[in-house]
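>>> Let's see this in three dimensions:
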Amino acid sequence: MHFSLKTTACALAVSLSLLPALANAWEKDKTYDITILHTNDHHGHFWHNDNGEYGLAAQKTLVDEIRQQVASQGGSVLLLSGGDINTGVPESDLQDAEPDFRGMTLIGYDAMALGNHEFDNPLSVLRQQEKWAKFPLLSANIYQKSTNTRLFKPYALFDKQGIKIAVIGLTTDDTIKIGNPENFTDIVFHKPAEEAKVVVEELRKQEKPDIIIAATHMGHYDNGNHGSNAPGDVEMARSLPAGYLDMIVGGHSQDPVCMASENKKQVDYVPGTPCAPDRQNGTWIVQAHEWGKYVGRADFQFRNGELKLVHYQLIPVNLKKKVQKADGTSERVFYTQEIAESSDMLKLLTPFQDKGKEQLEVKVGSVDNKLEGDRSKVRFVQTNLSRVLLAAQMERAGADFGVMSGGGVRDSIEPGDITYKDVLKVQPFGNTLVYVDLEGSEVQEYLGVVANMKVDSGAYAQFANVSLVADGKNGVSDVKIKGEPLQADKTYRMATLNFNATGGDGYPKVDNHPSYVNTGFVDAEVLKQYIEKHSPLKAEDYQPKGEIVYK
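Residues are numbered from 1 along each chain as shown. Coordinates of the predicted model:
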């Protein structure tokens, strides 16, 4: 099945089977217009980026315009989020995402699924965020271990022109695996699909909704191939009886869910082009990439107990592409029309943005001597700053050793006080910490490739807790991990960054390994917390001592 524009239109026109007709408030033979708007994986991007892309101020203008348009035609709008509001932008992180939740409240979000990154902070912070939100943060499958009771509202009910809509929240059970264990001492995550079935059956008996939507933070994996991740939206839609869920508004995998063919997403979705959502077992599945880059818009018609998807699109929020000019220089131009920023939103957010910038200058720690990160060093020799970065990553991941490309170290840290801004100069890319458990034989093979990366290139490898002799071709000998000889049948945990794990700088891909885990923690934040915990740092403690030898 191919999704050309023609076939997409046909596919979108297919009706969703709904619950048996009940004594409802809607009128027989009347057509109701219902528009579902959605975003996900916001990750602290309340402010537009340096190129003027996305941000809540432009998002508010867009959502306001859609609401006015739909209302003028007698329809209703519901705005949902697939979660992960926290973690990713320092100005937001330093303020516990207060500007983000307050901004979403001003836009008028109706409900949100709790994401795994909502648990990057202690529960007390999340309770405060609930107060800032003024809209329900939902999850049916998160329980307090000691009492076996739900910690959050499982669902919210909405009445749109007499049509009763239930929105259920669900959170990936991978949260326990990729989050900070300190925050889960009395929290347990049940299997989302199992919990969804229970809640839908409760709703059908007690509330009798006309439409049931799941707002989820579980991930969209083509044809249900979730690898080492917990099962996602596709698997859940297939596992439930047909018609149990009309729609899944998703997040977590941070994809534009625009299908190229049956069970296969488009690889490189171009902003502003047509987008066909996924459909599994009678359930529409949508996801709007990340960071507020898009607002997803699904226009439905409801008539006599049946719901029909009339049109779907991903609307770019001031996304730009680079184009070459006649003089050989390049400029950034909008993919679609520019969206003006809401003055009300800018008034709310500007003080937070200014405060966040100020806090970047605040001291996070100190060091007694220079931590070397100059380009002329990190691409040629092992350096003490690289060891600090890798020590931070290993500690957070509980890893035996760490590897990263020297090109990922972008600046040195001078003796004295260290600010968060200094940290961001060292690691400006926003890569995330990942780890993978490898057999000794796999470690040998991996190190054989990365240890022989070209000197004087960004790929030149920096190591921690590793000693070896590289042969200059594709092999290594005398390998030791934490001072002990490498054992072929022993399992070792390696910490690295998602950039390298996905093949960046020509490193072997490990993101398809069964044990691979992307923690979602941003590298600079990991480094910041390590410096805070271990200051004052002694540069000598991280000084390489000839562990990496090149023949």
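>>> And this protein, split by domain according to the record?
The chain breaks down by automatic domain parsing into domains covering 5-355, 363-550.
>>> Using JSON lines, lay out these together with mean neighbour count and mean pLDDT.
All C-beta spots, glycine's among them, are computed from the backbone N, C-alpha and C. JSON lines is the format used below for the domains of the chain (neighbours: other Cβ atoms under 10 Å; pLDDT from 0 to 100):
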{"stretch": "domain 5-355", "mean neighbour count": "19", "mean pLDDT": "93"}
{"stretch": "domain 363-550", "mean neighbour count": "19", "mean pLDDT": "94"}
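>>> Give me the distance from stretch 87-103 to the chain's centre.
Distance of stretch 87-103 from the chain centroid (Cα atoms, centre = their mean, to the nearest Å) equals 15 Å.
>>> And stretch 529-540, by the same measure?
The answer for stretch 529-540 is 28 Å, by Cα atoms, centre = their mean.
>>> Next, the residues that contact it from outside, please.
364-371, 384, 388, 391-392, 395-396, 415, 418, 423 (Cβ atoms under 8 Å, 6 or more residues apart in numbering).
>>> Can I get that stretch as PDB, trimmed to CA atoms?
Below are the C-alpha coordinates for stretch 529-540, written out as PDB (Å, rounded to 0.1, in the frame of the first residue of the first chain):
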ATOM      1  CA  GLN A 529      26.100  17.700  37.500                       C
ATOM      2  CA  TYR A 530      29.400  15.900  37.700                       C
ATOM      3  CA  ILE A 531      31.300  19.100  38.200                       C
ATOM      4  CA  GLU A 532      28.900  20.200  40.900                       C
ATOM      5  CA  LYS A 533      29.300  16.900  42.700                       C
ATOM      6  CA  HIS A 534      33.000  16.600  42.500                       C
ATOM      7  CA  SER A 535      34.300  20.100  42.800                       C
ATOM      8  CA  PRO A 536      36.900  21.400  43.400                       C
ATOM      9  CA  LEU A 537      38.300  19.300  40.600                       C
ATOM     10  CA  LYS A 538      42.000  18.400  40.400                       C
ATOM     11  CA  ALA A 539      43.200  18.500  36.800                       C
ATOM     12  CA  GLU A 540      46.000  16.000  37.700                       C
END
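>>> can you give me the strands in the stretch 1-150 of the chain?
15-16, 31-39, 76-81, 111-113, 137-138, 142-144, 149-150 (DSSP state E, counting those that start in this stretch).
>>> so which of the ones you listed comes closest to residue 490?
Each of the strands of the stretch 1-150 of the chain has some distance to residue 490 by Cβ to Cβ; the shortest is strand 142-144, at 35.7 Å.
>>> Quick one: list the elements packing against that closest one.
Applying 3 or more Cβ pairs under 8 Å, 6 or more residues apart in numbering; DSSP states H and E, one finds that strand 142-144 makes contact with strand 149-150, strand 187-189.
>>> contacting residues around residue 179?
116, 119-120, 519.
>>> Between all of the residues you listed, which two are separated the most?
Top of the distance list for the contacts of residue 179 (Cβ to Cβ): 119 and 519, 12.0 Å.
>>> Show the contacting residues for the nearest residue to residue 162 once chain neighbours are set aside.
Taking Cβ to Cβ, 6 or more residues apart in numbering, and ignoring the residues beside it in sequence, residue 162 has residue 25 as its nearest neighbour in space, at 3.3 Å. Contacts for residue 25 (Cβ under 8 Å, 6+ apart) come out as 159, 162-164.
>>> same deal with residue 89?
So residue 89 contacts 43-47 (Cβ under 8 Å, 6+ apart).
>>> and which of those is nearest residue 315?
Using Cβ to Cβ, these come closest to residue 315 at residue 45, 16.2 Å.
>>> Against residue 531, how distant is residue 395?
Computed as Cβ to Cβ, to the nearest Å, the residue 395 to residue 531 distance reads 11 Å.
>>> of the contacts of residue 25, closest to residue 31?
Closest approach between the contacts of residue 25 and residue 31, by Cβ to Cβ: residue 163, at 11.3 Å.
>>> wait, the closest one sits on residue 208?
No. Counting by Cβ atoms under 8 Å, residue 163 sits too far from residue 208 to count as a contact (11.8 Å).
>>> In contact with the nearest residue to residue 313 once chain neighbours are set aside, which residues?
Excluding the flanking residues, the one nearest residue 313 by Cβ to Cβ, 6+ apart is residue 297, at 5.3 Å. Neighbouring residues of residue 297 by Cβ under 8 Å, 6+ apart: 35-37, 66, 311-315.
>>> Quick one: those as CSV, columns for distance to residue 263 too.
Output for these, formatted as CSV (distance: Cβ to Cβ, whole Å):
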residue, distance to residue 263
35, 27
36, 23
37, 26
66, 30
311, 22
312, 18
313, 21
314, 19
315, 25
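>>> list the contacts for residue 126?
114, 118-119, 137.
>>> Tell me which two of those sit farthest apart.
Across the contacts of residue 126, the longest distance by Cβ to Cβ is 11.7 Å; it joins 119 and 137.
>>> coming back round to it: got JSON lines for the contacts of residue 89, with distance to residue 107 too?
Formatted as JSON lines, those follow (distance: Cβ to Cβ, whole Å):
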{"residue": "43", "distance to residue 107": "16"}
{"residue": "44", "distance to residue 107": "16"}
{"residue": "45", "distance to residue 107": "13"}
{"residue": "46", "distance to residue 107": "11"}
{"residue": "47", "distance to residue 107": "14"}
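>>> What is the nearest of those to residue 96?
When those are compared for distance to residue 96 (Cβ to Cβ), residue 44 wins out at 10.3 Å.
>>> Does the closest one touch residue 88 like I think?
Yes. When contacts are counted by Cβ under 8 Å, residue 44 is listed as touching residue 88 (4.3 Å).
>>> just the CA coordinates of stretch 414-434, formatted as PDB?
Listed next in PDB are the C-alpha coordinates belonging to stretch 414-434 (Å, rounded to 0.1, in the frame of the first residue of the first chain):
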ATOM      1  CA  GLU A 414      40.600  27.500  32.400                       C
ATOM      2  CA  PRO A 415      41.700  27.300  36.100                       C
ATOM      3  CA  GLY A 416      39.300  28.800  38.600                       C
ATOM      4  CA  ASP A 417      35.500  29.000  38.800                       C
ATOM      5  CA  ILE A 418      33.500  27.000  36.200                       C
ATOM      6  CA  THR A 419      30.100  28.400  35.000                       C
ATOM      7  CA  TYR A 420      27.400  26.500  33.200                       C
ATOM      8  CA  LYS A 421      28.300  28.700  30.200                       C
ATOM      9  CA  ASP A 422      31.800  27.300  30.300                       C
ATOM     10  CA  VAL A 423      30.300  23.800  30.200                       C
ATOM     11  CA  LEU A 424      28.100  24.600  27.200                       C
ATOM     12  CA  LYS A 425      31.100  25.900  25.300                       C
ATOM     13  CA  VAL A 426      32.800  22.500  25.800                       C
ATOM     14  CA  GLN A 427      29.700  20.500  24.800                       C
ATOM     15  CA  PRO A 428      27.400  22.800  22.700                       C
ATOM     16  CA  PHE A 429      25.700  20.100  20.500                       C
ATOM     17  CA  GLY A 430      23.100  18.800  22.900                       C
ATOM     18  CA  ASN A 431      24.100  15.100  22.300                       C
ATOM     19  CA  THR A 432      22.600  12.600  24.700                       C
ATOM     20  CA  LEU A 433      24.300  10.000  26.900                       C
ATOM     21  CA  VAL A 434      23.800   6.400  25.800                       C
END
